[in-house]
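**Student:** below is the sequence, then the predicted model.
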Amino acid sequence: MSVSEKNVFTGNQEYLKEKELALEETESSSAGSSQSSLESGDENVGRGNWSGRLDFLLSCVGFAVGLGNIWRFPYLCYQSGGGAFLIPYVIFLFLCGVPLFFLEISYGQFASLSPITVWKISPLFKGVGYGMIIISGIVCVYYNIIITWTIYFLYHSFKAVLPWSTCGNPWNTEKCYIRGEINLTQVDNATANGTIGYNVNTTSLLNLSDVTVAFVGGTSNTSKSDLVNLTNKVTASEEFWQNEVLQITDGIEDLGTIRWELLICLAIAWIVVFLCLCKGIKSSGRVVYVTATFPYLVLTILLIRGVTLPGAGAGIYFYLVPEWEKLLTFKVWGDAAVQIFYSVGMAWGGLITMASYNKFNNNCYRDAMIVPLINCGTSVFAGLVIFSVLGFMSHETGIDIKNVVTQGPGLTFVAYPEAVARLPISPLWAVLFFLMLFTIGLDSQFGMFETMTSAFVDEFPHLLKNRKVLFTAFFCFIEFLLGIPCIMEGGIYVLQIMDWYCATFSLMLLSLTECVVIAWIYGADRFYKDIELMIGYQPGVWWKICWKYITPATITFVWLFSVTQLSPVTYGDYEYPDGAIVFGWMLGLASIVPVPVCAIIAILGEKGSFVQRIKKLVHHTDDWGPAVEKHRIRYLQSLQNSQESLDSVVCTPLVDAKNMSASQQL
């Protein structure tokens, strides 16, 4: 060891001894002034911690379990081979989902910082943090639109007769029909009274060759073209969705006027978000005990009711029956990888943010194993609920289930409500279903919105730390204004663009950068020692192999698959104009642009040659490490014990006991 290195070690040893004495004095002298914080169990006095381990666990479950578990996975599973689809799904869970989940909550917990500031670990890549915030911000806008629709449906669910179950409403047209029930009137000039009434009974309205018509005085066979063109018919639930809820226009060129009922629902949605997050994790940590558990209660109730219905078994069989030959297709494996990537919640910034409020010694390894498994189990469970009821509707109407099942809003706002309308006491089941959607949407919204507010508060603490409630209200108002175009009559076209482009390819690139920086630049071995400092032991070598090789390769595969599958945005049969497609690409690139821009700004702000600047910026900053002083001391001691150089570690200056609480914010 050189003389200079010995001097560094000697100086740090003296610092550590002084710091330990200061800690002992501080613990006694600050007991009174920090009584409220100590009572709440916060070790990070300036920033705060979760009140309990379940707060974090439930928040992660609520964040990861989103609407995609309800409206995308079940459809994807049946379409991609039923039970056979679970094989690639579970494989990609352990190759990509769990490793990235473990990675994000580990370094978020270690540094107690949110997605922007946490890039003290490698300042050259700070733009990754800004990219995460931009994605969360865009998704927050349209996610609350979905919650808005849910509130609107919930309001109408309290009516004795569900409005989407009948055709006699002001918004219905002559094309409206109820599956399995068509009443037609034909004028017969040869009949004395001039009218003959008849009913049409069929086993399939969509696959109809001959229809038996029961006349008052006899029976005859008539082809379907002689009676009615069923291809032009629209179900009552779809007309309620298109003509009443959306009041949809012909295209994005005509946005129409504001839907005032939806505007009120949007305001309610943002008020609820603000009330739940106005005190940060201290308020949301209590709310998640309801919002994260209530969906499972409702799903269980709906499943019990569903499996007791006639036809439920056929629906579940249709959902899970394995089609092994589909495993030989590339698309099934690609879809499984994409679904895992989106469902677990990597690279959104939410996992980093929530983990940053953990106490330093929380067992993040255990949590990283639990949450992804719960998330994937919820997807399968939700599929049983959905298909049991769709199987019942198929049984009741005689329509093949493949002509009923769909994904996205079409499942949650058209197909499933239509099925629920056929149940006894249908308003009760509708209320439960939409309450479940409401709580699921809120949980995911909590994670994304807290990511944005915490990121800016951590980045600009002197300006925003004492104004977080006001800042939260301001952000809610801005997001509310940005959502107004989506609740206009043509708003669904705007929302479709945002959903189509904003996270399609950028999410993978941010996640790949994050994984490579930590595994290769910061170093997987060093990261393992950081984890050991938190949980007391190093995890198995599997995770190191994943972070360095397997997971980056998997992310690259997912990205290439997503790019090859990406096509210009459409909504049903409507094709968007070129200007709208360009706008979509701008949204998609908005989260990627900060990565090179922030890197260039950082390089220009440093001194020295280009190579010297790069070397400095890829290395962690001087104040990187645990935020709480006692853990920072242990961190520095661990570096000394492992004979690592402390050249780049400049310890925070010693402060007296009166200023201890302020130093803990660093």
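**Tutor:** Received the coordinates, thanks.
**Student:** show me where pLDDT drops low in the stretch 451-600 of the chain?
**Tutor:** Within the stretch 451-600 of the chain, no range satisfies pLDDT under 70.
**Student:** can you give me the helices in it?
**Tutor:** For the stretch 451-600 of the chain, the helices defined by DSSP state H, counting those that start in this stretch occupy 461-464, 468-483, 491-501, 506-516, 524-535, 541-545, 551-565, 578-590, 594-605.
**Student:** then the stretch 301-450 of the chain?
**Tutor:** Going by DSSP H, counting those that start in this stretch, the stretch 301-450 of the chain shows helices at 312-320, 330-344, 350-355, 364-397, 409-410, 416-420, 426-459.
**Student:** worst average pLDDT in those helices?
**Tutor:** Among the helices of the stretch 301-450 of the chain, helix 409-410 has the lowest mean pLDDT, at a mean of 86.
**Student:** which among the helices of the stretch 301-450 of the chain is found nearest to residue 152?
**Tutor:** Nearest to residue 152, of all the helices of the stretch 301-450 of the chain, is helix 426-459, at 9.1 Å by CB to CB. For glycine as for every other residue, the C-beta is placed from the backbone atoms N, C-alpha and C.
**Student:** okay, now residue 48: neighbour count?
**Tutor:** 18 (other CB atoms under 10 Å).
**Student:** residues in contact with it?
**Tutor:** Contact partners of residue 48, counting by CB atoms under 8 Å, 6 or more residues apart in numbering, are 40, 42, 280, 281, 282, 357.
**Student:** in this structure the last one contacts residue 281, no?
**Tutor:** Yes: the pair formed by residue 357 and residue 281 meets the contact definition of CB atoms under 8 Å, at 5.0 Å.
**Student:** out of the two, which sits in the more crowded spot?
**Tutor:** Taking other CB under 10 Å, residue 357 and residue 281 do not tie; residue 357 has more neighbours (27 against 24).
**Student:** ok, now which ones touch residue 438?
**Tutor:** The neighbours of residue 438, taking CB under 8 Å, 6+ apart as the test, are 147, 150, 151, 154.
**Student:** check which helix or strand covers the third one.
**Tutor:** Right, residue 151. Secondary structure assignment for residue 151, by DSSP states H and E: helix 126-157.
**Student:** elements contacting that helix?
**Tutor:** If you count contacts as 3 or more CB pairs under 8 Å, 6 or more residues apart in numbering; DSSP states H and E, helix 126-157 packs onto helix 260-277, helix 426-459, helix 468-483, helix 491-501, helix 506-516, helix 578-590, helix 594-605.
**Student:** one more pass at 7 Å, please.
**Tutor:** The contact analysis (3 or more CB pairs under 7 Å, 6 or more residues apart in numbering; DSSP states H and E) places helix 126-157 against helix 260-277, helix 426-459, helix 468-483, helix 491-501, helix 506-516, helix 594-605.
**Student:** show me how far that helix is from its chain's centre.
**Tutor:** Computed by CA atoms, centre = their mean, to the nearest Å, the separation of helix 126-157 from the middle of its chain amounts to 9 Å.
**Student:** I'd like the mean pLDDT over that helix, please.
**Tutor:** Rounded mean pLDDT across helix 126-157 is 96.
**Student:** buried subset of the contacts of residue 438?
**Tutor:** Using 16 or more other CB atoms under 10 Å as the burial test, the contacts of residue 438 include 147, 150, 151, 154 as buried.
**Student:** and those residues, which two are the farthest apart?
**Tutor:** 147 and 154 (10.1 Å).
**Student:** Provide the strand pairings for the helix or strand just after the helix holding residue 151, with the direction of each partner.
**Tutor:** Using DSSP H and E, the helix or strand that follows helix 126-157 towards the C-terminus is strand 176-177. In the sheet, strand 176-177 lines up against strand 234-235 (parallel) (DSSP bridges).
**Student:** quick check: mean pLDDT of the strand it pairs with?
**Tutor:** Here the average pLDDT along strand 234-235 is 92.
**Student:** contacting residues around the next helix or strand after it?
**Tutor:** Next along the chain after strand 234-235, taking DSSP H and E as the criterion, comes helix 236-239. Residues from elsewhere that reach helix 236-239 (CB atoms under 7 Å, 6 or more residues apart in numbering): 164, 165, 166, 167, 171, 172, 173, 176, 178, 414, 417, 418.
**Student:** got JSON lines for the helices and strands packed on helix 126-157, with distance to residue 319 too?
**Tutor:** Converted to JSON lines, the helices and strands packed on helix 126-157 look like this (distance: least, CB to CB, whole Å):
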{"stretch": "helix 260-277", "distance to residue 319": "31"}
{"stretch": "helix 426-459", "distance to residue 319": "18"}
{"stretch": "helix 468-483", "distance to residue 319": "34"}
{"stretch": "helix 491-501", "distance to residue 319": "25"}
{"stretch": "helix 506-516", "distance to residue 319": "28"}
{"stretch": "helix 594-605", "distance to residue 319": "40"}
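**Student:** so which of those helices is nearest residue 115?
**Tutor:** Among the helices and strands packed on helix 126-157, helix 426-459 comes nearest to residue 115, with 5.4 Å by CB to CB.
**Student:** and the closest one, which residues are buried?
**Tutor:** Neighbour count says helix 426-459 has 426-427, 429-459 buried, by 16+ other CB under 10 Å.
**Student:** can you pull out the helices in the stretch 1-150 of the chain?
**Tutor:** 3-29, 35-39, 53-64, 67-71, 73-79, 86-92, 98-111, 126-157.
**Student:** the ones you listed into a markdown table, with extra columns for distance to residue 260?
**Tutor:** Putting the helices of the stretch 1-150 of the chain into a markdown table (distance: least, CB to CB, whole Å) gives the following:
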| stretch | distance to residue 260 |
| --- | --- |
| helix 3-29 | 57 |
| helix 35-39 | 45 |
| helix 53-64 | 31 |
| helix 67-71 | 25 |
| helix 73-79 | 33 |
| helix 86-92 | 43 |
| helix 98-111 | 41 |
| helix 126-157 | 12 |
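**Student:** mean pLDDT lowest where, among these?
**Tutor:** Lowest mean pLDDT within these: helix 35-39, at a mean of 38.
**Student:** can you pull the residues that touch both of residue 357 and residue 281?
**Tutor:** Common neighbours of residue 357 and residue 281, using CB under 7 Å, 6+ apart, are 48, 50.
**Student:** for residue 52, which of the helices of the stretch 451-600 of the chain is the nearest?
**Tutor:** Nearest of these to residue 52, taken as CB to CB: helix 524-535 at 17.6 Å.
**Student:** okay, the angle between the closest one and helix 98-111?
**Tutor:** Orientation check (axes from the mean of the first three to the mean of the last three CA atoms, to 10 degrees): helix 524-535 against helix 98-111 gives 60 degrees.
**Student:** can you name every helix or strand that helix 524-535 contacts?
**Tutor:** In terms of contacts (3+ CB pairs under 7 Å, 6+ apart), helix 524-535 is packed against helix 98-111, helix 364-397, helix 629-641.
**Student:** just how off-centre is it within its chain?
**Tutor:** Here helix 524-535 is found 28 Å from its chain centre; the criterion is CA atoms, centre = their mean.
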